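[1] Show me how the following folds:
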Amino acid sequence: MAYRLFSSHPSLFFNGRKPTSLSSSSRNFKFPNYPSPTPTSHSITHANSHDPDANSLSLSKNKIWVNPKSPRVKQLLKKSSSSRYNNNPLVKVTESLDSCRTENEVSIILKNALGDKFLERDAVFILNKMVNSNNAPIVLNLFLNNINPSKDKEVILYNVTLKVFRKCKDIEGAGKLFDEMLQRGAKPDNITFSTIINCARMCGAPGKAVEWFEKMPRYGCEPDDITCSAMVYTYARVNNVEMALKLYERAKAEKWRLDTVTFSTLIRMYGMSRNYDGCLSVYEDMKALGVKPNVAMYNTLLNAMLRAKRAHQAKVIYKEMTDNGISPDLITYAALLRVYVAAQFKEDALGVYKEMKENGMEMSTVLYNVLLSMCGDVGCTDEAIEIYEDMKNAGTCQPDSWTFSSLITIYSCSGKVSEAEAVLNEMIESGFEPNLFVLTSLVQCYGKAKQTDNVVKIFKQVLNLGTTPDDRFWCCLLTVMAQTPKEELFKLIDCIEKANSKLGSMVRDLVEEREGDGDFRKEASELFSSVDAEVKQPFCNCLIDLCVNLNAPKKAQDLLDLGLMLEIYTDIQSKSQTQWFLHLKKLSLGAALTALQVWIGDLSKALASGEDLPPLLGINTGQGKHKYSDKGLASVLESYLKELNAPFHEAPEQAGWFLMTKAAAKSWLESRSSTEPISASSSMDLGVPAMALHH
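    Below you'll find the predicted structure:
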């Protein structure tokens, strides 16, 4: 996000502040005898040691208050020093000097305007009004050579000239003028450095501002609190955390004035270092100090919460933002959408989208795609279709490859073949070729619809494109195989062996119920070592599902045991003196059934060996249904437990939990003569996808 570093940072211009380090020379400097200003409630001029304008224009102590409701206000303002200042004939001289192309032209204009008598007050006035940093040093040298001021007064003239470089955002020129100043023997003061620091910051060069700030002690200058406050922002901007926090803590202790932009930059600094608690701490400090936040600050904070994946905190911040009467902009909504989508807060994300439409916000293709991707992740098919229609009707953006990919994925996960194919055709007509992600989704779609020949067709298309199938593709294909009738599996095995001989050989051994030339566990271990870490668990899930579908419980248990040994599965079981729990919510259906069977066997062995069971035993399946299925793991496991006649009961206040007492477990286990194998002939349906596909 881009920031306006200076326009919204009033403290950088040092307006309306008390003099802090004004040298004696500047206090004694003789300024022109312009009429005393007439301050009103509209404009009251302050003597300001850091602003040459103020030094040259408002030294009089005779201030007169004018009632702003007086009918004579306009007349009085016309007679004020501000009006006379602008009507001064030297203003036109200054404009001519700014337009000069040569040093000779500058000299002629000054001679014609001032004659042979160059006065210090004229020098201050003219330099203060100039806006051309190329000509200002020439004018300055002419004045210095003709006036020959004292060293103290030279500093004032240099400071006024440096202001021209600040106006022009010319930090390099300011540095050169500073060097000339030193060569003439003039000693820089606080005003010199504050002007150059401001210039650097206005140029978007915070690193240069830091360099000039750190030079100050070398010349005997002690920065005042206003300059230090501004440097909190600057050090944060260059990510010098140590100095930024050092000045920030001092600012809070000494009650320096810090503005919204400074706080926003501190939040951004903390966010870059991933210290998200620090972001919130700065926000709380800001509220405690009574500094009013703006929309840019809230956007910075919300983006930090996005990176922190703290959707709940983002909701709280957004509510505070609206409660404070600050209207969100497109950046706000974009951050909220992303943080809610990342957390799969479906209702909140769709609520933000609705609010954007009501406020007439123009959505980008990227934001539409983020929403569509979320709909795919959480199974919101109807909402996705509505969003897609909104996108086409908006007329401000066009669907891209990501758009079509998301829609195809949504239809594929639901097994809606005709709809997925229609979007595929629309995608091709729009000039986008289907990529591996789209083809993987189509494999899943045809697999759910039991259209094995079309799965083979897509696989051949992948190979014809010269694309190497990735681990997600193989995982998806294994999921399809777990749902395919055994008599059609050989069509898919032939495909796999062409591109992945290791996986093909292992799958053929499973289907043909042969031991193979080597050890099954060894083959599986070698296969897992070649798979990306983030895909290992769903990959293992898919293989176990296939074993269950093929009625090979021993192989399924071998894979589960190998997964535990290789730490592909972690925290499946928790044990204490009072309770033993089995956690299945992260497993696929086949893997969960296998783990349950193994766990029941372990309980039987523990009881037979004389080990005392705990007072409570439980199974955690998670809650809710699968996003693309009418079934959830809890409902399937509940049916299976009833088949086993297991005395588990569903916890009334804990959805997805099944509990059994020690006495009930002991009686049941003792009554079991043997452990029944899990088979594909049971009433379980492995049609739930073992892996959600993501962009």
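
[2] Flag the shaky bits of this structure, pLDDT-wise.
    With pLDDT under 70 as the threshold, the chain has low-confidence stretches at 1-87, 514-518, 623-631, 673-695.

[3] just the strands in it please.
    573-575, 579-583, 616-620, 649-650, 657-661 (DSSP state E).

[4] Which of the ones you listed sits closest to residue 495?
    Within the strands of the chain, the stretch nearest residue 495 is strand 579-583; the backing value is 35.3 Å (CB to CB). C-beta coordinates here come from the backbone N, C-alpha and C atoms, glycine included.

[5] distance of residue 288 from residue 263?
    Taking CB to CB, to the nearest Å as the measure, residue 288 falls 11 Å from residue 263.

[6] Looking at these two, which one has more neighbours?
    Regarding residue 288 and residue 263, a neighbour count based on other CB atoms under 10 Å identifies residue 263 as having more, with 26 against 9.

[7] Contact partners for the more buried one?
    By CB atoms under 8 Å, 6 or more residues apart in numbering, the residues touching residue 263 are 282, 283, 285, 286, 291, 293, 297.

[8] Which residue, neighbours along the chain excluded, lies closest to residue 383?
    Beyond its immediate neighbours in the sequence, the residue positioned closest to residue 383 (CB to CB, 6 or more residues apart in numbering) is residue 375, lying 5.4 Å away.

[9] Tell me how many other residues surround that neighbour.
    If you count neighbours by other CB under 10 Å, residue 375 ends up with 26.

[10] try residue 529
    For residue 529, the tally of surrounding residues (other CB under 10 Å) stands at 9.

[11] Look up how far residue 562 lies from it.
    When distance is defined by CB to CB, residue 529 is 11 Å away from residue 562.

[12] coming back round to it: pick the one among the contacts of residue 263 closest to residue 111.
    For residue 111, the nearest member of the contacts of residue 263 is residue 291. The distance, counting by CB to CB, is 52.4 Å.

[13] Pretty sure that closest one sits against residue 258.
    Yes - at 6.6 Å, residue 291 counts as touching residue 258 under the criterion of CB atoms under 8 Å.

[14] more neighbours, these two?
    In this view residue 291 and residue 258 are compared by other CB under 10 Å, and residue 258 has more residues nearby, 22 against 16.

[15] Could you tell me which residues make contact with the more buried one?
    Residues in contact with residue 258 (CB under 8 Å, 6+ apart) are 229, 232, 248, 251, 289, 291.

[16] cutoff 7 Å now
    Contact criterion CB atoms under 7 Å, 6 or more residues apart in numbering gives 229, 232, 251, 291 as the residues in contact with residue 258.

[17] Filter the residues you listed down to just the buried residues.
    Among the contacts of residue 258, those buried by neighbour count (16 or more other CB atoms under 10 Å) are 229, 232, 251, 291.

[18] Out of those residues, give me the two with the largest separation.
    If you compare every pair in the buried ones among the contacts of residue 258 using CB to CB, the most distant one turns out to be 232 and 291, at 12.6 Å.

[19] Residue 165 - how many residues pack around it?
    Burial of residue 165, expressed as a neighbour count using other CB under 10 Å, amounts to 26.

[20] Isn't it up against residue 133?
    Yes - at 4.8 Å, residue 165 counts as touching residue 133 under the criterion of CB atoms under 7 Å.

[21] Determine the residues that are contacts of both of these two.
    When CB under 7 Å, 6+ apart defines a contact, the residues bordering residue 165 and residue 133 alike are residue 173.

[22] ok, now how distant is the residue lying closest to residue 525 once chain neighbours are set aside from residue 449?
    With CB to CB, 6+ apart as the criterion, residue 525 has its nearest non-adjacent residue at 6.2 Å, and that residue is residue 562. The gap separating residue 562 from residue 449 is 32 Å, by CB to CB.

[23] Same question for residue 670.
    As for residue 670, its distance to residue 449 is 46 Å (criterion: CB to CB).

[24] would TSV of the strands of the chain with distance to residue 482 and mean neighbour count be doable?
    Formatted as TSV, the entries for the strands of the chain read as follows, by distance: least, CB to CB, whole Å; neighbours: other CB atoms under 10 Å:
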stretch	distance to residue 482	mean neighbour count
strand 573-575	24	12
strand 579-583	22	19
strand 616-620	22	20
strand 649-650	27	14
strand 657-661	25	19
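
[25] need these in TSV with distance to residue 390, can you?
    Compiled in TSV, the strands of the chain are given as follows (distance: least, CB to CB, whole Å):
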stretch	distance to residue 390
strand 573-575	46
strand 579-583	41
strand 616-620	40
strand 649-650	41
strand 657-661	40
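
[26] which stretch among those strands comes nearest residue 462?
    Nearest to residue 462 among the strands of the chain is strand 579-583 (36.1 Å), distances taken as CB to CB.

[27] Okay, now the sheet partners of the closest one, with direction.
    Strand partners for strand 579-583, identified by DSSP bridges, are recorded as strand 573-575 (antiparallel), strand 616-620 (parallel).

[28] can you redo those as a markdown table with distance to residue 150?
    Compiled in a markdown table, the strands paired with strand 579-583 are given as follows (distance: least, CB to CB, whole Å):
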| stretch | distance to residue 150 |
| --- | --- |
| strand 573-575 | 84 |
| strand 616-620 | 85 |
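
[29] of all these, which lies closest to residue 487?
    When the strands paired with strand 579-583 are ranked by proximity to residue 487 (CB to CB), strand 616-620 comes first, at 34.8 Å.

[30] Now do that closest one: everything it contacts.
    578-585, 596, 637, 648, 656-661, 665.

[31] now with 10 Å?
    Under the criterion CB atoms under 10 Å, 6 or more residues apart in numbering, residues 572, 574, 576, 578-586, 592, 595-596, 599, 603, 633-634, 637-638, 641, 646-648, 650-651, 654, 656-662, 664-665 lie in contact with strand 616-620.

[32] tell me the angle of it relative to strand 657-661?
    Comparing the axes of strand 616-620 and strand 657-661 via axes from the mean of the first three to the mean of the last three CA atoms, to 10 degrees yields an angle of 160 degrees.

[33] domain ranges for this protein?
    In the domain annotation for the chain, the residue ranges read 88-223, 573-674 (the TED database).

[34] As JSON lines, the ones you listed with distance to residue 419 would be great.
    Supplementary listing: the domains of the chain in JSON lines, determined by distance: least, CB to CB, whole Å:
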{"stretch": "domain 88-223", "distance to residue 419": "50"}
{"stretch": "domain 573-674", "distance to residue 419": "14"}
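
[35] Comparing those domains, which comes out most buried?
    Mean neighbour count (mean count of other CB atoms under 10 Å) peaks for domain 88-223 among those, with a mean of 18.

[36] tell me which of the buried ones among the contacts of residue 258 is nearest to residue 306?
    For residue 306, the closest of those turns out to be residue 291, at 23.1 Å, with distances computed as CB to CB.

[37] so the closest one sits right up against residue 260, yeah?
    Yes - under the criterion of CB atoms under 10 Å, residue 291 lies in contact with residue 260, with a separation of 5.9 Å.

[38] shared neighbours of these two, anything?
    Contact with both residue 291 and residue 260 is made by residues residue 297, according to CB under 10 Å, 6+ apart.

[39] thinking again about what came up before, overlap in contacts, residue 232 and residue 291.
    258, 259, 262, 263.

[40] Which residues are in contact with the nearest residue to residue 370 once chain neighbours are set aside?
    Counting by CB to CB, 6+ apart, the nearest residue to residue 370 once its immediate chain neighbours are dropped is residue 341, at 5.4 Å. Residues touching residue 341, when contacts are defined by CB under 10 Å, 6+ apart, comprise 306, 311, 348-349, 352, 367, 370-375, 377-378.
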